[in-house]
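A.B. asks: Here is my input; please provide its structure:
(one chain, ligands or ions: 1)
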Amino acid sequence: MLKVFVDLMSQPCRALIIFLTVNKIPHTVHTVALRKGQNRTPEFTKLNPMQKVPVMEEDGFVLTESDAMLKYLTAAYSVPDHWYPRQPQKRARVDEYTAWHHVNTRLHASKVFITEVLIPRMTGQPVDDVKLQHALRELDETLDKLETMFLKEKDFLCGDDITLADLLAVCELMQPLGGGRDVLVNRPRLQEWKSRVQSALGDSFDHAHKILYRLKDKHISKL
Ligand SMILES: N[C@@H](CCC(=O)N[C@@H](CS)C(=O)NCC(=O)O)C(=O)O
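C.D. replies: Reported below is the predicted structural model:
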């Protein structure tokens, strides 16, 4: 049986859980609470010396990168081709995005969340506005590129149907919502894209984001 080790506050963990749910792939969920340091226990460190989630394990085969896990699952299980098309050029488009994703969408949306939510919570200090404005500018450049280089006039980032690229991207762009910030507020084309992604994912989307919605409500009630 496939086992996944996740914390749903983590963007790539949500992408993995949504993918498994939508594609009805049997799995067991093992929660690793990052806020309690459960990723630094000796047992977990043995599984993933990088002490990060998600981790996937199947019959002794361990994988530690969400991108690799999602691609593995499309090969190991029978899932619709649109997620990671076999046609070489279509597949290369998804690979093009996923290679770019980690140092652009993920890096910049995470920085906004870390600056606005995590650091103030951990240190008790107010938000550093200079750092936040800088992070928002960097994210804005990434959103420009998402629109002009990937989405263009299409329905999804890599074509006419949802792929792993859309799934990874949407989970990252949701993260700043934990601090009450909708990063797509002035981006109608990306908002429409997000709605299409959300309807393609069905209930699994809101289900995986429940913990983030709770954090957002807590954040807003403190203002
Ligand atoms: N590139 C990895 C990123 C994994 C990652 O950075 N996970 C974060 C949560 S989103 C984590 O476990 N952080 C714990 C830590 O660094 O202590 C992936 O996509 O799977």
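A.B. asks: Which residue is the nearest non-sequential neighbour of residue 155?
C.D. replies: Spatial nearest neighbour of residue 155, chain neighbours left out: residue 196 (5.7 Å); criterion: Cβ to Cβ, 6 or more residues apart in numbering. Backbone N, C-alpha and C define where each C-beta goes, glycine included.
A.B. asks: contact partners of whichever helix or strand residue 119 is part of?
C.D. replies: Following DSSP states H and E, one finds residue 119 within helix 119-123. For helix 119-123, contacts defined as Cβ atoms under 8 Å, 6 or more residues apart in numbering pick out 125-128.
A.B. asks: rerun at 10 Å
C.D. replies: 35, 113-114, 125-128, 131-132, 179, 215, 219 (Cβ atoms under 10 Å, 6 or more residues apart in numbering).
A.B. asks: Can you point out the buried residues in the lengthiest helix in the chain?
C.D. replies: Secondary structure of the chain read by DSSP state H shows that its longest helix is helix 203-222. Using 16 or more other Cβ atoms under 10 Å as the test for burial, helix 203-222 gives 204-205, 208-209, 212, 215-216, 219.
A.B. asks: Kindly report the same for stretch 118-126.
C.D. replies: residue 119.
A.B. asks: Endpoint to endpoint, it covers what distance?
C.D. replies: 11 Å (Cα to Cα, to the nearest Å).
A.B. asks: That stretch and the ligand, are they touching?
C.D. replies: No: Stretch 118-126 does not reach the ligand (Cβ under 6 Å from any ligand atom); its nearest approach is 10.7 Å.
A.B. asks: So for that stretch, mean pLDDT?
C.D. replies: Stretch 118-126 carries an average pLDDT of 95.
A.B. asks: Likewise for stretch 89-100?
C.D. replies: Averaged across stretch 89-100, pLDDT comes to 98.
A.B. asks: quick one: buried residues of it?
C.D. replies: Applying 16+ other Cβ under 10 Å to stretch 89-100 flags 90-91, 93-94, 97-98, 100 as buried.
A.B. asks: Would you format the buried residues of helix 203-222 as a markdown table with pLDDT included?
C.D. replies: Converted to a markdown table, the buried residues of helix 203-222 look like this (pLDDT from 0 to 100):
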| residue | pLDDT |
| --- | --- |
| 204 | 98 |
| 205 | 98 |
| 208 | 98 |
| 209 | 98 |
| 212 | 98 |
| 215 | 96 |
| 216 | 95 |
| 219 | 84 |
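A.B. asks: any idea which of the residues you listed is closest to residue 53?
C.D. replies: The shortest gap between residue 53 and any of the buried residues of helix 203-222 belongs to residue 208, at 13.6 Å (Cβ to Cβ).
A.B. asks: residues in contact with that closest one?
C.D. replies: 6, 8, 13-19, 21, 171, 174, 201.
A.B. asks: So which of those wins on neighbours?
C.D. replies: residue 14 (30 neighbours; other Cβ atoms under 10 Å).
A.B. asks: need the contact list for it.
C.D. replies: Contacts of residue 14 by Cβ under 10 Å, 6+ apart are 6-8, 54, 66, 167-168, 170-172, 174-175, 204-205, 207-212.
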